[in-house]
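> here's my sequence, what's the structure:
(chains A, B, C and D)
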Number of protein chains: 2
Amino acid sequence: MPTDGTVNRERILDAAEHLVIENGFSATSVDQVIKAAATSKGAFFHHFATKLDLAQALTTRYVNADLGHLRAALQATATAADPAERVVAFVRHFEEAADEMMSAQSSCLYVAVLTEQQLVTNGTADLINRAIEAWRKEIADLLTAAAASRDVDLDDLDALADHVFVTFEGAFLLCRSTGSSEHMRAQLRVLRHLLGAVLGLPRAERIVGNA
Amino acid sequence: MPTDGTVNRERILDAAEHLVIENGFSATSVDQVIKAAATSKGAFFHHFATKLDLAQALTTRYVNADLGHLRAALQATATAADPAERVVAFVRHFEEAADEMMSAQSSCLYVAVLTEQQLVTNGTADLINRAIEAWRKEIADLLTAAAASRDVDLDDLDALADHVFVTFEGAFLLCRSTGSSEHMRAQLRVLRHLLGAVLGLPRAERIVGNA
DNA sequence: CGTGAAACAGACTGATTGGTCTGTTGTACC
DNA sequence: GGTACAACAGACCAATCAGTCTGTTTCACG
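Numbering: from 1, shown residues only, chains lettered A, B, ... in the order given. So this is what the prediction gives:
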């Protein structure tokens, strides 16, 4: 093999991810990506057959990172004694990382992908669905344990679990529109309070100890 | 005046709104809009100076419709006796309209606009911000009344009010990704339960009477 | 040391893009 | 009935687009 191509490929993906999140997929031209990655057309189409291929590769990598964050949060809260408190700690974990996350990216790649029907139908949305299902499953498990230990009845567990994803994506859009990134942390905090309330946690435990 | 131009202008906006929500703004060409509206290039650029002008006009109209829905929901629940129950009724109002809304549009124009930085910086996002602020203000008022009547302490009212917008937008994305529109109603239902819980409504009132 | 293939570089191409320009048509008003 | 102007229609244009093609460099392996 000649020089390791994966290095340049990652550089292209880095540049493309930033541009696509910032401007959208169709609004980002291959030439722009090439320029930002300081590479050439030959290199780009050596690594990606078409521009749609780039979207797939981009999303695959992003989904994997996303699932990494999910696993990290599960691991960080695995030691929690009470299942309901673990749910709260799980959300707080992202709350504490919110500002750093928002300074690294102004929005979410999922938003850019799901905006364009061509990316939804070409299979890129399926990659995102895998992430959505993973979040749903893991959070539903956390909620099941919490509901059981507190003896509360949560009538649509999957939908409640999905609400975490919904909050993330909605908060990303709120941040974009207003131009202020602090909404992410604020919305995660709201989510934490709401989940605490529905799980019957005492108010003091919900309010105190903010990130 | 010759034949009323506003009729054709509205036809162009209708066609553009559908295409932009479905495919995104940059992925929608002026030629596509012209074809869908069964009109000509001359007509298009007679009504809109540039393509970005179309985005502004599109968003202005969409925001006004959005604010109309907000006002309608406020009016429909104005008769509610208890302020906390009005909050729940307010959300249920959208819950009942969710399926119809999702069959009319597969996503939200706000998502398409906020995806592209060029639209955020050119002032189109400011139009959306007006809508966001209106929702925040009205819902914060509802929540203030509800919190007072129930003697509960909601520590960040604006953020909690914003969570309604966040839920809508996040649910739109969830629907797009999964391809199933029922998530909108489900997420609004989750929102209703969560708000009911944080306002201290008895569980029976939260669960019973689903849309 | 030669050879084959991966990893580029960049000139080139046909199609599409947003936008312009030159008309033509309809009609309100004098 | 002339005239002025809004409301179109559609040919046209330069720029940009995704993608191709022909080379050149680099290196593992025999």
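> distance of the residue nearest the centre of chain A relative to A:A131?
With distances taken as Cα atoms, centre = their mean, chain A has A:D66 as the residue nearest its mean C-alpha position (5.2 Å). Per Cβ to Cβ, to the nearest Å, A:D66 is found 5 Å from A:A131. In short, each C-beta sits where N, CA and C put it, glycine included.
> any idea how many residues pack against A:R86?
19 (other Cβ atoms under 10 Å in any protein chain shown).
> likewise A:E17?
21.
> is it true that it touches A:C108?
No: between A:E17 and A:C108 no contact is recorded; they are 10.9 Å apart, counting by Cβ atoms under 8 Å.
> show me what contacts the residue lying closest to A:A80 once chain neighbours are set aside?
Using Cβ to Cβ, 6 or more residues apart in numbering or on different chains and skipping residues adjacent in sequence, the residue nearest A:A80 is A:R86, 3.6 Å away. Listed by Cβ atoms under 8 Å, 6 or more residues apart in numbering or on different chains, the contact partners of A:R86 are A:77, A:80, A:142, A:145-146.
> check which residues of the helix or strand hosting A:R86 are buried.
Assignment of secondary structure by DSSP states H and E places A:R86 within helix A:83-104. Residues of helix A:83-104 classed as buried: A:83-95, A:97-98, A:101-102 (neighbour count, 16 or more other Cβ atoms under 10 Å in any protein chain shown).
> again with stretch A:162-172
A:162-172.
> quick one: is it near chain B?
Yes: for stretch A:162-172, a contact with chain B is found by Cβ under 8 Å from any Cβ of the partner chain, at A:162-163, A:165-171.
> and the host helix or strand of A:A186, what other elements does it pack with?
Assigned by DSSP H and E, A:A186 belongs to helix A:182-198. Where contact means 3 or more Cβ pairs under 8 Å, 6 or more residues apart in numbering or on different chains; DSSP states H and E, helix A:182-198 is packed against helix A:83-104, helix A:157-178, helix A:203-207, helix B:157-178, helix B:182-198.
> could you give me the average pLDDT of it?
On average, the pLDDT along helix A:182-198 is 97.
> pull the distance from it to the chain's centre.
The chain centroid and the centroid of helix A:182-198 are separated by 16 Å under Cα atoms, centre = their mean, to the nearest Å.
> what would the helices and strands packed on helix A:182-198 look like in a markdown table with distance to A:F48?
A markdown table is the format used below for the helices and strands packed on helix A:182-198 (distance: least, Cβ to Cβ, whole Å):
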| stretch | distance to A:F48 |
| --- | --- |
| helix A:83-104 | 24 |
| helix A:157-178 | 26 |
| helix A:203-207 | 47 |
| helix B:157-178 | 23 |
| helix B:182-198 | 32 |
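> rank the ones you listed by pLDDT, which is bottom?
Looking at the helices and strands packed on helix A:182-198, the bottom one is helix A:203-207 with a mean of 57.
> picking that back up, got TSV for the helices and strands packed on helix A:182-198, with distance to DNA strand C too?
Shown next, in TSV, are those (distance: least, Cβ to the nearest atom of the strand, whole Å):
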stretch	distance to DNA strand C
helix A:83-104	25
helix A:157-178	22
helix A:203-207	49
helix B:157-178	22
helix B:182-198	30
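> and for the residue of chain A at minimum distance from DNA strand C, the neighbour number?
Across chain A, the shortest distance to DNA strand C (Cβ to the nearest atom of the strand) belongs to A:G42, at 1.8 Å. Look at A:G42: counted by other Cβ under 10 Å, it has 9 neighbours.
> where's it, which helix or strand?
Counting by DSSP H and E, A:G42 is part of helix A:41-47.
> briefly note if the helix or strand just after that helix comes near chain B.
Following helix A:41-47 in sequence order, the next helix or strand is helix A:51-76 (DSSP H and E). No: contact between helix A:51-76 and chain B is absent, the nearest approach being 11.0 Å (criterion: Cβ under 8 Å from any Cβ).
> lovely, talk soon.
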